[in-house]
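> Give me coordinates for this.
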Amino acid sequence: MKKTMSLLAAAALAAGAFAAPVYTGPVKAQEVRARAGVGHFMEKVKAGKEVTVAYLGGSITAMNGWRNLTTDWLRATYPQTKFKEIHAAIGGTGSNLGAFRVGHDALQHNPDLLFVEFATNDGGAQPEAIWRSMEGIVRQTWKKDPATDIVFTYTITASMKQDYLAGNCNRAASAMEQLADHYGIPSICFGPRVIDAVKAGTLVMKGSEPHEGKTLFAQDGVHPGLPGHKFYLASIVNGFTQMKDMPPTDHAAALRTPFVADNLESAKMVEIEPSMLAGDWQKLPPTDSKSRSFSKRMGEMWYTGAPGATLRFTFRGSYCQIYDLLGPDGGQVWITVDGKKSAKPIARFDSYCTYHRIATLGVFNGADGVHTVEITVDKDQPSRQPVAFRLKDPATELAAAKFQGTKFWPAKIMLVGDLVK
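Now for the predicted structure:
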């Protein structure tokens, strides 16, 4: 489908400076590619100035591990400098959400250094989609402050083992490497160091593998234990040792030519206004457990459990999603765009829903223009059977109040475009 092209990309095309990239296949795995380095950051660090380090990523960054180990290492290595850490990671999310939330979760804190970690959660995405969102993160960051240095980090999981044994990055990291080449962004790949230990017979990737007398990387093959995170830290230390004396680079100059025309540089989160709501809606009170858990990321949330309750708005643009929650009492909604109703209701519930978590609801991705959206809560709740395998007594537990409801918790409208009021 046709997508909106940014003015910058259109200008580049008109000037003959833009050529659409092609995915060139697996990129050789290399622990550190310094490229343009982190000179702005290191200049402040060496001068003993207060600096802010933000970590944007998924659950591997959200857990206590390489993120806080890296901050601790920086503090110990440069004791004259005060380091402020910004935790901007959300489990189970990729760069497609990261492009919309980087402003609120990271850039508003004016970071001097931004780590971006999505190679695992973007594993199922096509290179073109990865470029679109990752470039959106890069361009938003440098548009706000071209002195902010960025580092891409690539985590490894058991499912990537064969890629790395063959000497290659997984597909998502390979796609990100092409983008990093374009912008001169340094990358630190955690895979080579881990896979070297696998080859040496001293480490196993997953708890289901025989591992007596060996280091266990991650019980589930994804989320490392402390020994696994220490491998990640060693890669970070190697990277910063190589980059610590590199001079600052003019990142603003790198913005002149976009990598993909439809990148998410203009991605934004828009507040839901009371005038958009019809039916029985309430604001989630600050005392609610979900508000306490998610308001730092999502801000003010609305909720309803009333069949027929509707969220209506009109926007001019090419892309729209809703920033919301999934949960055990989640309902299902009908989406109507420009009078065309979805073929079936979309569940705000899935096979992980023994708890509530942040999610996105896809609404529209297509031609630029003015589009009217209606999202209506269905009278029926979706089947709870997808989660049954996680329960000890499915028949009893699925009949309990926890799994009953038609709830919908929208927090923000995610747009490439603008609301039409």
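> When you work out contacts or count neighbours from here on, use the C-alpha atoms and nothing else.
Will do.
> Quick one: residues contacting K283.
Under the criterion of C-alpha atoms under 8 Å, 6 or more residues apart in numbering, the neighbours of K283 are 300-303.
> Please repeat the previous calculation with a cut-off of 7 Å.
301-303 (C-alpha atoms under 7 Å, 6 or more residues apart in numbering).
> Closest to L97 out of these?
M301 (17.3 Å; C-alpha to C-alpha).
> isn't the closest one right up against F408?
No - using C-alpha atoms under 7 Å, M301 is not in contact with F408, being 10.1 Å away.
> which one of the two has more residues nearby?
F408 (27 against 23; other C-alpha atoms under 10 Å).
> who does the more buried one bridge with?
Here F408 sits in beta bridges with T304, going by DSSP bridges.
> Against D368, how distant is it?
From F408 across to D368, the span is 28 Å (C-alpha to C-alpha, to the nearest Å).
> Ok, Q140 next?
Counting by C-alpha to C-alpha - Q140 and D368 are separated by 21 Å.
> Neighbour count for those two, which is higher?
Q140 (20 against 17).
> So which elements touch the helix or strand harbouring the more buried one?
Element membership of Q140, judged by DSSP states H and E, is helix 127-144. With contacts taken as 3 or more C-alpha pairs under 7 Å, 6 or more residues apart in numbering; DSSP states H and E, helix 127-144 sits against helix 95-105, helix 171-183.
> Measure how that helix sits relative to helix 95-105, angle-wise.
Here helix 127-144 runs at an angle of 10 degrees relative to helix 95-105 (axes from the mean of the first three to the mean of the last three C-alpha atoms, to 10 degrees).
> So for helix 127-144, mean pLDDT?
Averaging pLDDT along helix 127-144 yields 98.
> ok, the nearest residue to E300 once chain neighbours are set aside - how many residues close by?
In space, and not counting its chain neighbours, E300 is closest to A411: 6.1 Å by C-alpha to C-alpha, 6 or more residues apart in numbering. A count of neighbours around A411, defined by other C-alpha under 10 Å, yields 27.
> any idea how far A411 is from I272?
7 Å.
> what do you get for Q80?
If you go by C-alpha to C-alpha, the gap between Q80 and I272 works out to 44 Å.
> Am I right that R193 sits in a helix?
Yes - secondary structure of R193 (DSSP: H, G, I helix; E, B strand; the rest coil): part of a helix.
> what's the burial count for it?
16.
> So what's the residue count around the residue nearest to E397 when sequence neighbours are not counted?
Counting by C-alpha to C-alpha, 6+ apart, E397 lies nearest to L391, which is 7.3 Å off, once chain neighbours are set aside. The tally of other residues near L391 (other C-alpha under 10 Å) stands at 12.
> Also T153?
23.
> quick one: low-confidence parts of the stretch 101-250 of the chain?
In the predicted model, the stretch 101-250 of the chain carries no residue with pLDDT under 70.
> hmm, try it at 90
210-211 (pLDDT under 90).
> Repeat that for the stretch 301-421 of the chain.
Those would be 421, if you go by pLDDT under 90 across the stretch 301-421 of the chain.
> For it, just list every one of the strands.
302-303, 310-326, 332-337, 340-341, 346-347, 357-377, 412-420 (DSSP state E, counting those that start in this stretch).
> Now the ones you listed in TSV, please, with extra columns for distance to A180.
Shown next, in TSV, are the strands of the stretch 301-421 of the chain (distance: least, C-alpha to C-alpha, whole Å):
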stretch	distance to A180
strand 302-303	38
strand 310-326	25
strand 332-337	36
strand 340-341	40
strand 346-347	36
strand 357-377	26
strand 412-420	23
